[in-house]
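K.L.:
quick one: sequence and predicted model below, then my questions.
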Amino acid sequence: MINVHLDKAARRTVAGVDRETVLSTRNLQFWYGEKLVLNDISLDISEREVTAIIGPSGCGKSTYLRCFNRMNELIPTARHAGRVLFRDRDIYARSVDPVEIRKRIGMVFQKPNPFPKSIFENVAYGPRVNGYDRKLEDIVERSLRDAALWDEVKDDLKQSGLALSGGQQQRLCIARALAVEPEVILMDEPCSALDPIATTRIEDLIRELREKYTIVIVTHNMQQAARVSDRTAFFNVNEHGAGGLVEFADTQLLFTTPSDKRTEAYITGRFG
């Protein structure tokens, strides 16, 4: 296997703005038991951008996303080879605390999953268990404002988070992730369970959040990837059934002039 090293000063310049690499994989392979799910993926994700991961079902998109906060470790048969880097540090090194990684790299899931607690307690939970000594009221308000939910719930913070609409619940889950002040937000199909109006609200929110956060989103919706992302990675399944990276480029370029015929076939609907 080729050993590729990431330069600590790895950066890319976009429209005159210098972007530092925040997340990277180097020759990443991933297995569930004996099944190879991801094969030899090397990819750099830049700060304060939205990176979309698209591809057909079964190509390992969600597995790849979860490698970045070590959630796959919760599956007993899961194992990997290669490197997963967060600001040039291998997050699977023995010295790295996975709890700290999950605090700095937040996760929003496909289906809204608020706790069976009040709106306030949903957002305050993470800061409280992490021992934040600032006023929880300030943290909750800031997080709900950043998630574009404050004006809708500010008078009902004692209401159960489960009483909110689906779109509001997803924004509550985003606020919960923001409350512990992550640097990165991973989103796994965050709009797949939502109606078009709620989806538009989440997409608008994603565009606002990239001013402060690095966002990686897995989506089956290519129109959504085109609308919200700065760069897009197309994954596909090889002849052995393992997912791999086919193409990674600026979103507009990938959707208008893809460099690989497989990418063109997928985005034009000829397969997938």
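P.N.:
Everything's here; your move. Numbers count the residues shown, from 1 in each chain.
K.L.:
could you list the low-confidence segments of this structure?
P.N.:
Scanning the chain for pLDDT under 70 picks out 1-18, 133, 271-272.
K.L.:
next SSE after the strand ranked longest in it?
P.N.:
The single longest strand within the chain, with elements called by DSSP state E, is strand 17-32. Later in the chain than strand 17-32, the nearest helix or strand by DSSP states H and E is strand 35-46.
K.L.:
which strands and helices sit next to the very next helix or strand once past that next one?
P.N.:
Under the assignment DSSP H and E, the closest C-terminal helix or strand after strand 35-46 is strand 50-54. When contacts are defined as 3 or more CB pairs under 8 Å, 6 or more residues apart in numbering; DSSP states H and E, strand 50-54 sits against helix 61-67, strand 214-218, helix 222-228, strand 231-237. For the C-beta atoms, the positions are set from N, CA and C on the backbone; glycine is no exception.
K.L.:
neighbours of G269, how many?
P.N.:
8 (other CB atoms under 10 Å).
K.L.:
how about it, secondary structure?
P.N.:
coil (DSSP: H, G, I helix; E, B strand; the rest coil).
K.L.:
and it, what does it touch?
P.N.:
Shown in contact with G269 (CB atoms under 8 Å, 6 or more residues apart in numbering): no residues.
K.L.:
quick check: it vs E239, distance?
P.N.:
The spacing between G269 and E239, counted by CB to CB, to the nearest Å, is 22 Å.
K.L.:
before we move on, back to that, please identify which of the helices and strands packed on strand 50-54 is closest to C191.
P.N.:
helix 222-228 (6.7 Å; CB to CB).
K.L.:
CA atoms of that closest one as CSV?
P.N.:
Extracted in CSV, the C-alpha atoms of helix 222-228 (Å, rounded to 0.1, in the frame of the first residue of the first chain):
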residue,chain,number,x,y,z
MET,A,222,-27.9,15.3,-6.4
GLN,A,223,-29.9,18.6,-6.7
GLN,A,224,-29.3,19.1,-3.1
ALA,A,225,-25.6,18.5,-3.4
ALA,A,226,-25.5,21.0,-6.3
ARG,A,227,-27.4,23.6,-4.2
VAL,A,228,-25.5,23.5,-0.9
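K.L.:
that one - contacts with which helices or strands?
P.N.:
Helix 222-228 packs on strand 50-54, helix 196-209, helix 251-256, going by 3+ CB pairs under 8 Å, 6+ apart.
K.L.:
deepest-packed of those, please.
P.N.:
The highest mean neighbour count among those, using mean count of other CB atoms under 10 Å, belongs to strand 50-54: a mean of 26.
K.L.:
what lies in contact with that strand?
P.N.:
For strand 50-54, using CB under 8 Å, 6+ apart, the contacting residues are 45, 61, 64-65, 206-207, 210, 214-220, 222, 224-225, 228-235, 251, 266.
K.L.:
and what of stretch 27-35?
P.N.:
The list of residues contacting stretch 27-35 from outside it, by CB under 8 Å, 6+ apart, reads 1-4, 36-42, 60, 63-64, 67, 72, 75, 77-84, 241.
K.L.:
redo that, cut-off 10 Å
P.N.:
1-4, 36-43, 60, 63-64, 66-67, 72, 75-84, 241-245 (CB atoms under 10 Å, 6 or more residues apart in numbering).
K.L.:
any of those buried? List them.
P.N.:
Neighbour-count burial (16 or more other CB atoms under 10 Å) applied to the contacts of stretch 27-35 gives 36-43, 60, 63-64, 66-67, 72, 78, 80, 82-84, 242-245.
K.L.:
need the contact list for T63.
P.N.:
Contacts of T63 by CB under 10 Å, 6+ apart are 30-32, 37-38, 71-72, 75, 78, 80, 218, 235, 243.
K.L.:
which ones are touching the closest residue to N236 other than its chain neighbours?
P.N.:
Leaving aside its sequence neighbours, N236 sits nearest to V246 (CB to CB, 6 or more residues apart in numbering; 4.9 Å). For V246, the contacting residues are 55, 59, 233-238, 258-263, 266, by CB under 10 Å, 6+ apart.
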